[in-house]
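1. below are the sequence and a predicted model for it; my questions follow.
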Amino acid sequence: MGMGFLPIVVGALLLGPSRAAAAGTLAEVFHSTRTVWTASGGDPAVHDVREGLPGTLFSCDYTAVSGRCTWDAPASIDLTLSSTTDVWIHVENAEAIGAFTLYFRSGGGWYRANQSEPAFGNGWNRFVVQVPGLGVEGSPTSLAAIDLIRVSPWKAAGGSGRAHLFVTVGIMPSSWGVGKSDLADVFSSTSTFWRPTSPAETAKAGTLAKGPGWTFSCDFSRLDPIPVAEGLPSGQCLWTAGGLALSLSPSGSISGWVFVENAAAVRFIRLNLRSGLGYYSWTNLNVYEGWNRLELNMRDAWASSGVSGWNGIDLVGVVVTRLKGERVSVAFADMAQNSSPVSFPTTFAWPERDTGLTRLVKRDAAGRLIENRAILDEAPFFLGNRVDSVVDQIAQAGFNVYIPVIWHGRGAIYASTTVVLDARYASQFQGSADPFAELIQKAHSRGVQVQPWFTVALRETNSFPEFAPAGTPNGAYDLQDPAFRDFIVDKVILDVARRYDVDGINLDYIRTIGTSFTDVARARYLQKYGVGIDELSNPYSSPAVTQRFLEWQDAAVTDVVSRISAWIKANKPWLVLSISGHPLPSPQLSSQGRNERNWVASDSVDLIYGMDYDQRPNISVMSFIRETSPHPERFPKLLGNYNWVPNGTGGVAVTPRPGSFLAQQVEYFLRKFPGRGIGVYIYSQLHNNPDQINALRAGPFKETAIPDSNGRSRPDSSSPSNPKSLRQTP
């Protein structure tokens, strides 16, 4: 479907009817009996009245039309006089209509207001014309000089039959949203029309175990294989219900139940609420097999551009995204909208099917438990004469690996002799003072390893401008520049590994953060591929360009990882090299070159911490990754120990999660994904927090554990070198 291209206009059609009087407002165009519409592909437009409102009826037989029908009318409109106009469209046979565009011609170009596919539901639909958000095609003269209006409903894939659109402007129809003004009605009423988008199957209404609801099924095996690029649609099934008039409180919530069959094939579920030209969305609903309690705060919804408020929800969408090419089924029941937000849970509910999981553990010849228990610190708290307090609280909670950030994109947070210090902490490293060295010595005395954290490509403030020239992705250093890679590897990361008695290296932001178009990148790309790098402005334009793009990004990032890994193996093989990332399942590759799965397969990296700070972390993706990796034990979860809450002034504040919740979640994922251990982010919420410290020590960390260095012990260490196999414990 050609939606979004420059309108097809020729001869007299472009000029419009020359003898008709040009209407002065958008309402006059659609309401006046004197407006003359020129049709292309559709029936002649007819003046009509619905519910006492004047308007124009447009009809199109999509059985006989391949792309769209259009109607043009002359106008003389100044769109700058109003920033927002409500257009009301009553639709019959909405199934045949894909997208909808209202065009405004000015001079040699067009402004356009779009309703993306699927555009409408049957009955009344609100179409919002937001002047500041209008698209542009060609070279229009001015928003104040509109001389032609074009109505353009596009044919849906597989659309057929005659569709009717009655258009009126301004006054809301009295019956708009009647019977569909409450979210519970949408999900419980058998009269709701859920429009499926292939390969989604027709939704089915019924009484479920948790109440009335709808079941949405999809066979992902009908889609093409999972693509080899992160960011490309991996396949999704979509259902939409339109013609609604929902009014929700921005501080309220949505509750209900979701039942999933074959959750292992689902990457995530999304709930969309359309408002104006945008959507409110919960983009990553992680659901487990069987029944899941759904509690969504409005404050947690992601809002796209063009939303017009919670009082104008006219369409609800359910999206199920593919992980595996198998059939899945998702049912929503007992849905309700609430006037107040839901509270944060105090307990983490294990999936029903996993309640019998036992814990697989590893022990050395002396019977000691071997398990990494890492805590990440982004402050970092060991500064400011708090080394003793930090080490003591980490050990009290049962952690045995401390990962403090010592490079956060703006300078060294250690006593560097090769690069400038981070100005925020420079005063603490004056003279012979070296709190990082002090930290390592005191942590080792308590059995806690120190594995410093580096945000490789992240650039904060205006630091090191020589490595971020024009064309570098925002907030990044240029990883495509070999000089920067030399700098970050040799002058920063390996300088720390050489000079300090660290136990490992943790790499974060080990990705390009975008696509580089610097002069260095341009020259190197042309030299390597014989074509200009500007082709990467649209990296998925062809299979050949996509292949070059993925290879180009991967080569830069993997070069950093490989060089650090090679140095460790040759000089300090006991160091643990870990990544904080979002590993992708085979065969997907990252558009930013962060291909953790490959680094594990090549034995370059020891641990990939899967960052997942949600109250309900994803299970399916990590399970699939581990299933397809030769080293599943190297993929532990990195869980959050905090919540975001409104601070009353329009912002948010960070508060620690209850210790009971954190302990239950840690215990579950140690059992669900056995191997090298687990990680928790962030230390600031553990500091001076006896609730979390005591809950962890009394729960999943009750037995003291020594870190798992994969059998590679220091020459002077008693660390395990020949651990026994995993065994079960209750």
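-> Right, received. Where do you want to start? From a predicted model like this one, the values you see are computed outputs, not experimental measurements.
2. any idea which helix or strand comes after the longest helix anywhere in the chain?
-> Scanning the chain for the longest helix, with DSSP state H as the assignment, gives helix 543-571. Where DSSP states H and E defines the elements, the next helix or strand beyond helix 543-571 is strand 576-581.
3. the following helix or strand past that following strand packs against which elements?
-> Downstream of strand 576-581, the first helix or strand assigned by DSSP H and E is helix 596-601. For helix 596-601, the packing partners by 3 or more Cβ pairs under 8 Å, 6 or more residues apart in numbering; DSSP states H and E come out as helix 543-571, strand 576-581, strand 607-612. For glycine as for every other residue, the C-beta is placed from the backbone atoms N, C-alpha and C.
4. do that again at 10 Å, thanks
-> In terms of contacts (3 or more Cβ pairs under 10 Å, 6 or more residues apart in numbering; DSSP states H and E), helix 596-601 is packed against helix 543-571, strand 576-581, strand 607-612, helix 620-627.
5. ok now it, how far from the chain's centre?
-> Distance of helix 596-601 from the chain centroid (Cα atoms, centre = their mean, to the nearest Å) equals 22 Å.
6. excluding chain neighbours, what is closest to T38?
-> Leaving aside its sequence neighbours, T38 sits nearest to D72 (Cβ to Cβ, 6 or more residues apart in numbering; 4.7 Å).
7. do the same with K572
-> The nearest residue in space to K572 (Cβ to Cβ, 6+ apart) is A497, at 6.5 Å.
8. what about that neighbour, neighbour count?
-> Neighbourhood size, A497 [other Cβ atoms under 10 Å]: 20.
9. after the helix or strand containing it comes which helix or strand?
-> For A497, the host element (DSSP H and E) is helix 494-499. Scanning forward in sequence from helix 494-499 by DSSP H and E, the next helix or strand is strand 504-508.
10. now that following strand: mean pLDDT?
-> Confidence over strand 504-508 (mean pLDDT, whole number) is 98.
11. returning to that earlier point: in the helix holding A497, what's buried?
-> For helix 494-499, the neighbour count (16 or more other Cβ atoms under 10 Å) marks 494-497, 499 as buried.
12. next: stretch 136-146.
-> Across stretch 136-146, burial judged by 16+ other Cβ under 10 Å covers 137, 140, 143, 145-146.
13. angle of the helix or strand where K528 lies against helix 543-571?
-> Following DSSP H and E, one finds K528 within helix 519-529. Here helix 519-529 points in a direction 100 degrees away from that of helix 543-571 (axes from the mean of the first three to the mean of the last three Cα atoms, to 10 degrees).
14. which elements pack onto helix 519-529?
-> helix 482-486, helix 543-571.
15. out of those helices, which comes closest to T512?
-> helix 543-571 (5.5 Å; Cβ to Cβ).
16. can you show me the strands along the stretch 201-350 of the chain?
-> Using DSSP state E, counting those that start in this stretch, the strands of the stretch 201-350 of the chain run over residues 204-208, 211-219, 236-241, 253-261, 266-275, 278-285, 290-297, 302-303, 313-322, 327-338.
17. can I get the fifth one in PDB, CA atoms only?
-> Once non-C-alpha atoms are left out, strand 266-275 reads as follows in PDB (Å, rounded to 0.1, in the frame of the first residue of the first chain):
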ATOM      1  CA  VAL A 266       6.000 -14.700  23.000                       C
ATOM      2  CA  ARG A 267       8.600 -12.000  23.200                       C
ATOM      3  CA  PHE A 268       6.200  -9.600  24.900                       C
ATOM      4  CA  ILE A 269       2.700  -8.300  24.800                       C
ATOM      5  CA  ARG A 270       1.800  -4.700  24.200                       C
ATOM      6  CA  LEU A 271      -1.400  -2.800  25.000                       C
ATOM      7  CA  ASN A 272      -2.000   0.400  22.900                       C
ATOM      8  CA  LEU A 273      -4.500   3.200  23.600                       C
ATOM      9  CA  ARG A 274      -4.800   5.600  20.700                       C
ATOM     10  CA  SER A 275      -5.300   9.300  21.600                       C
END
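18. what about the closest residue to R524 other than its chain neighbours, which helix or strand?
-> In space, and not counting its chain neighbours, R524 is closest to Q480: 6.6 Å by Cβ to Cβ, 6+ apart. If you go by DSSP H and E, Q480 is not part of any helix or strand.
19. wait, P617 touches P636, no?
-> No - using Cβ atoms under 10 Å, P617 makes no contact with P636, being 11.8 Å away.
20. who's more crowded, these two?
-> Higher neighbour count among P617 and P636: P636, with 26 against 21, using other Cβ under 10 Å.
21. next, the contact list for that one, please.
-> P636 is in contact with 371-374, 578, 607-610, 622, 669-670, 673-679, 708, counting by Cβ atoms under 10 Å, 6 or more residues apart in numbering.
22. tell me how far the residue nearest to R524 lies from I625.
-> Between Q480 and I625 the computed distance is 27 Å (Cβ to Cβ, to the nearest Å).
23. go on, L639?
-> 16 Å.
24. where along the chain do the helices fall?
-> 11-15, 26-31, 183-188, 387-397, 435-445, 482-486, 494-499, 519-529, 543-571, 596-601, 620-627, 659-672, 690-698.
25. closest to A470 out of those helices?
-> From the helices of the chain, taking Cβ to Cβ, the stretch that ends up closest is helix 519-529, at 8.0 Å.
26. I'd like the average pLDDT over that closest one.
-> Confidence for helix 519-529, expressed as mean pLDDT, is 98.
27. use 36 as the first number for this chain going forward.
-> Fine by me, first position is 36 from now on; the one you just mentioned is helix 554-564.
28. list the buried residues in that helix.
-> Per 16+ other Cβ under 10 Å, helix 554-564 contains these buried residues: 555-557, 559-560.
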